[in-house]
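Visitor: Sharing a model prediction with you, sequence too.
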Amino acid sequence: MDIVEKVEELNIKNVESLSGKKVLLRIDVNISIGNNGIIDPGEDWRIVKSLRTIEFLRDSGASVIILSHIGRDKKETLKTVFDYMNNILTLGFIPSYDSKTIKHYISNMGKGSIVMMENVRQFEEEIRNDTSYLKDIIDLCDIYVNDAFSVSHREHASVNAVTKTMPSYFGLQFVNEINHLTEFLSHKDGIKILLLGGAKFGTKLMLLENMLPRLDYVLLGGALANVFLKARGFNIGKSFCDEIDISHIINNEKIILPIDYIDEHGDVASIDDVGDENTILDIGPDTIELFEKIISHSSSVMWNGPMGKYEDGYTEGSIQIAKTISYLDIYSLIGGGDTTTLIVENNLEDAFSFISTGGGAMLEFLVKGTLPGIEVILER
Ligand code: 3PG
Ligand code: MG
């Protein structure tokens, strides 16, 4: 049996008689709210993707106890996310994990009711993969459901050790992720392209090395491209550049770099013409055309990381590429926080066959074909 079949076998959808059961549901609503403290259009996509499983459980008559993390600081709260969700569904918020509070609220939950717990990362135990802080909740619950694909590369209590405590299943979005990511991996016909941008090179380099033999082209943008440009002897001026050794793949002919760029004045120039004072902030029109030409001959594209400095508003290159993809009849997959937010903000979701909720998790799944949080459920 392959991973798709194994995961499907443990799809929560296949479990009969959820009515009256208490279900502990892990979702990932770790969203970036930005400096204004409110959830703006385009920032809510992880919430939206979580709704299907919550509504499925509710409509099946289960009582649903929701866990999630937000951010990496212990002090961060899910209250803003809860308020937003409470406008879509009816649910309660339990700010404290104290025994008495938990017993009082959770024991008295009726069929189809939903509560959300405060940020699991306020507890050290969570990241130590120790479920002791969840003990009172676990004692009251019958079934665990993981619908948090995007954090299942972490060996954290609420996506990992918790599966040892009760029968465990995958949520609807989780199953969807596995189906689509596997489909990209198993696409054999036609030209296969990886479009990589953004800044953080760590996991992306692993993905690049691992997938190169199976790909036809890798189109690079964002700060990732700067690393290759510099190594190929181009001046990159003041542009951001990770110190990372890529000497073993630098001359690989499948890797295509930008040929022009947008500088700090918004001007277009050839990539041969980066002065010491210039910064590369987006791909230029010739690069867009080159990338579009290659993509239009492909059969599948996987994209992670914006083509320009997204946080400073350099989104034009990414938007143009997304529009091109939207006109083509190809299998297209996108993932990563900034990339997805950019696409959703610009109403370009329909351009893609699938938008993964995962950033690091998606990359790790594509490299390894599984994740720790999947294995613990399959092993049960
Ligand atoms: C993500 O945003 O990629 C996931 O929610 C995981 O968050 P983390 O990188 O803080 O573990
Ligand atoms: Mg905001």
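Guide: The structure has been received and is ready for your questions. Ligands and ions are numbered 1, 2, ... in the order given.
Visitor: Now do the contacts for the residue in the stretch 251-380 of the chain that ligand 1 sits nearest to.
Guide: Closest contact between the stretch 251-380 of the chain and ligand 1, by CB to the nearest ligand atom, is at G359 (4.0 Å). Using the backbone N, CA and C atoms, a C-beta is placed for each residue, glycine as well. Neighbour list for G359: S150, N304, G335, G336, G337 [criterion: CB atoms under 8 Å, 6 or more residues apart in numbering].
Visitor: Read off the pLDDT value for the closest residue to ligand 2 within the stretch 101-250 of the chain.
Guide: Of the residues in the stretch 101-250 of the chain, the one nearest ligand 2 is N119, at a distance of 17.9 Å by CB to the ion. The score at N119 is 98. That number is its pLDDT.
Visitor: go on, G360?
Guide: Per-residue confidence (pLDDT) for G360: 89.
Visitor: Quick check: it vs L215, distance?
Guide: Here the distance between G360 and L215 works out to 20 Å (CB to CB, to the nearest Å).
Visitor: same thing with R380?
Guide: Note on R380: its distance to L215, by CB to CB, is 35 Å.
Visitor: OK, contacts around the residue in the chain that ligand 2 sits nearest to?
Guide: For the chain and ligand 2, the shortest gap (CB to the ion) falls at G34, measuring 3.1 Å. G34 sits next to D40, E43 when contact means CB under 8 Å, 6+ apart.
Visitor: quick one, phi psi at it?
Guide: G34 adopts backbone torsions of phi 80, psi 180, taken as degrees, to the nearest 10.
Visitor: try F170
Guide: Reported as degrees, to the nearest 10, the phi and psi values for F170 are phi -100, psi 140.
Visitor: hang on, E125 in a strand?
Guide: No: the assignment for E125 by DSSP: H, G, I helix; E, B strand; the rest coil gives helix, which leaves it out of any strand.
Visitor: so what pLDDT did K21 get?
Guide: In this prediction K21 is given a pLDDT of 98.
Visitor: can you count the residues close to the residue nearest to it when sequence neighbours are not counted?
Guide: Closest residue in space to K21, ignoring its immediate chain neighbours: D142 at 4.5 Å, by CB to CB, 6 or more residues apart in numbering. Residues within reach of D142, counting by other CB atoms under 10 Å, total 14.
Visitor: Could I get the contacting residues of D142?
Guide: K21, K22, V23, M166, P167.
Visitor: what do you get for N129?
Guide: The neighbourhood of N129, defined by CB under 8 Å, 6+ apart, consists of E155, H156, A157, N160, A161.
Visitor: Looking at these, which is nearest E9?
Guide: Ranked by distance to E9 (CB to CB), the contacts of N129 are led by N160 at 19.9 Å.
Visitor: pretty sure the closest one contacts E375?
Guide: No: in terms of CB atoms under 8 Å, N160 does not count as a neighbour of E375; the distance is 9.3 Å.
Visitor: quick one: which of those two has more around it?
Guide: Neighbours were tallied for N160 and for E375 using other CB under 10 Å; the higher tally belongs to N160 (23 against 15).
Visitor: From F82, how far out is the residue in the stretch 151-300 of the chain positioned nearest to ligand 1?
Guide: Shortest the stretch 151-300 of the chain-to-ligand 1 distance, computed as CB to the nearest ligand atom: residue-wise this is V151, at 4.3 Å. Relative to F82, V151 is positioned 18 Å away (CB to CB).
Visitor: Check G61 too.
Guide: In this structure, G61 lies at 23 Å from F82, with CB to CB as the measure.
Visitor: Neighbour count for the two, which is higher?
Guide: Taking G61 and F82 together and counting by other CB under 10 Å, F82 has the greater number of neighbours (21 against 14).
Visitor: Pretty sure that one sits in a strand.
Guide: No: secondary structure assignment places F82 outside any strand; it is helix (three-state DSSP).
Visitor: if we can go back for a sec, so what's the residue of the stretch 101-250 of the chain closest to ligand 2 up against?
Guide: Contacts were defined as CB under 8 Å, 6+ apart; by that measure N119 touches S68, H69, I70, G71, K74, E76, T77, L78.
Visitor: try 10 Å this time
Guide: For N119, the residues meeting the contact criterion (CB atoms under 10 Å, 6 or more residues apart in numbering) are 30, 67-71, 73-79, 81, 95, 126.
Visitor: and what of E16?
Guide: With contacts defined as CB under 10 Å, 6+ apart, E16 is in contact with S60.
Visitor: where does it land in three-state SS?
Guide: Taking three-state DSSP as the rule, one finds E16 in the coil state.
Visitor: any idea which element F56 lies in?
Guide: In the assignment (DSSP states H and E), F56 maps to helix 45-59.
Visitor: Run a quick neighbour tally on the residue of the stretch 151-300 of the chain closest to ligand 1.
Guide: With neighbours defined by other CB under 10 Å, the count for V151 comes to 25.
Visitor: Send me stretch 364-374 as CSV with only the CA atoms.
Guide: Provided in CSV are the C-alpha atoms of stretch 364-374 (Å, rounded to 0.1, in the frame of the first residue of the first chain):
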residue,chain,number,x,y,z
GLU,A,364,9.9,18.0,3.9
PHE,A,365,7.1,15.9,2.6
LEU,A,366,8.2,16.4,-1.0
VAL,A,367,11.8,15.4,0.0
LYS,A,368,11.0,12.4,2.3
GLY,A,369,7.6,11.3,1.1
THR,A,370,6.3,11.3,4.7
LEU,A,371,6.4,13.3,7.9
PRO,A,372,6.8,12.3,11.6
GLY,A,373,3.2,13.3,12.3
ILE,A,374,2.0,10.9,9.6
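Visitor: any idea how far the nearest residue in space to D276 that is not next to it in sequence lies from N278?
Guide: Sequence neighbours aside, G237 is the residue nearest to D276 in space, at 5.5 Å (criterion: CB to CB, 6+ apart). Separation of G237 from N278 (CB to CB) stands at 4 Å.
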